[in-house]
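Student: Here is a sequence with its predicted model. Questions after.
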Amino acid sequence: MLLALLLTSPANAASLAGVTLPDTATVNGTPTTLNGLGLREKFFIDIYVGGLYLAQPTHDGATAAGTDEAKRIVMHFVYKVTKEQMNESFNEGFANSPGATASEMATLAAMLPDSINVGQEVVIDYAPGVGTSVTIGGAKKGTIPGVSFMKALFGIYVGSKPPTEDLKKGMLGS
């Protein structure tokens, strides 16, 4: 009977490329649900598994990036990257997802450590009225206020020109 209960219990985590993320997360006191997982690859190398958490799940990228509600992106790294590589990636992303100011982009760049190691997570939380907070390896690095910055940053991943279509599709659960 115990075996039957275990087999019929709902899953409480999702996995991709050996990385497991929980089905729910709390952002500034608001519950969010894992919308989907995607894999960021570059030159056939797996870089990170990205998870998108939303208060109201959706398969539409514009809605996911643009809605002023609690949300989270988790990037669980499976490949070591440098600060320069992260900055290059963010700058390319902001070129494809406009709306962030040069000052906001510089603030984000200053939050990055010299490297992000295998197994570390970069967590980007947005809370309405608070802003976009960045946590790296469990340490909160800072918060950037404003809805427009959040829209630009989340638009990098699920907007019209994501790093890869597979990452976007996975994060949108489509």
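Tutor: Great, that's in hand.
Student: Can you check what pLDDT the model gives the spatially most central residue of the chain?
Tutor: By Cα atoms, centre = their mean, the mean C-alpha position of the chain lies nearest to Ile73, the distance being 2.1 Å. Note on Ile73: pLDDT of 98.
Student: How about the one 3 residues further on?
Tutor: The confidence metric pLDDT takes the value 98 at His76.
Student: Now for it, how many residues are close by?
Tutor: 21 (other Cβ atoms under 10 Å). Every residue, glycine included, has its C-beta placed from N, CA and C.
Student: what helix or strand is the residue nearest to the centre of the chain on?
Tutor: strand 71-77 (DSSP states H and E).
Student: Can you name the next helix or strand after that strand?
Tutor: Next element after strand 71-77 (DSSP H and E): strand 81-82.
Student: residue ranges with poor pLDDT in the protein?
Tutor: 1-12 (pLDDT under 70).
Student: Can you show me the helices along it?
Tutor: Taking DSSP state H, the helices of the chain run over residues 2-8, 61-66, 83-96, 102-111, 147-158, 165-171.
Student: Distance to Phe43 for those helices - can I get that in CSV?
Tutor: Listed next are those as CSV, based on distance: least, Cβ to Cβ, whole Å:
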stretch, distance to Phe43
helix 2-8, 41
helix 61-66, 24
helix 83-96, 12
helix 102-111, 23
helix 147-158, 19
helix 165-171, 14
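Student: can you list those in CSV and add distance to Ile136 and mean neighbour count?
Tutor: Putting the helices of the chain into CSV (distance: least, Cβ to Cβ, whole Å; neighbours: other Cβ atoms under 10 Å) gives the following:
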stretch, distance to Ile136, mean neighbour count
helix 2-8, 35, 7
helix 61-66, 21, 19
helix 83-96, 10, 15
helix 102-111, 7, 15
helix 147-158, 15, 23
helix 165-171, 19, 19
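Student: Could you work out which of those helices reaches nearest to Gly138?
Tutor: helix 102-111 (13.8 Å; Cβ to Cβ).
Student: What is the closest one packed up against?
Tutor: The contact analysis (3 or more Cβ pairs under 8 Å, 6 or more residues apart in numbering; DSSP states H and E) places helix 102-111 against helix 83-96, strand 131-136, strand 139-144.
Student: residues near the closest residue to Leu172 other than its chain neighbours, how many?
Tutor: Spatial nearest neighbour of Leu172, excluding adjacent residues (Cβ to Cβ, 6 or more residues apart in numbering): His59 at 5.1 Å. Here the count is done by other Cβ under 10 Å, and His59 has 13 residues near it.
Student: Then Gly159?
Tutor: 22.
Student: so it sits right up against Asn96, yeah?
Tutor: Yes. Assessed by Cβ atoms under 8 Å, Gly159 is found in contact with Asn96 at 6.9 Å.
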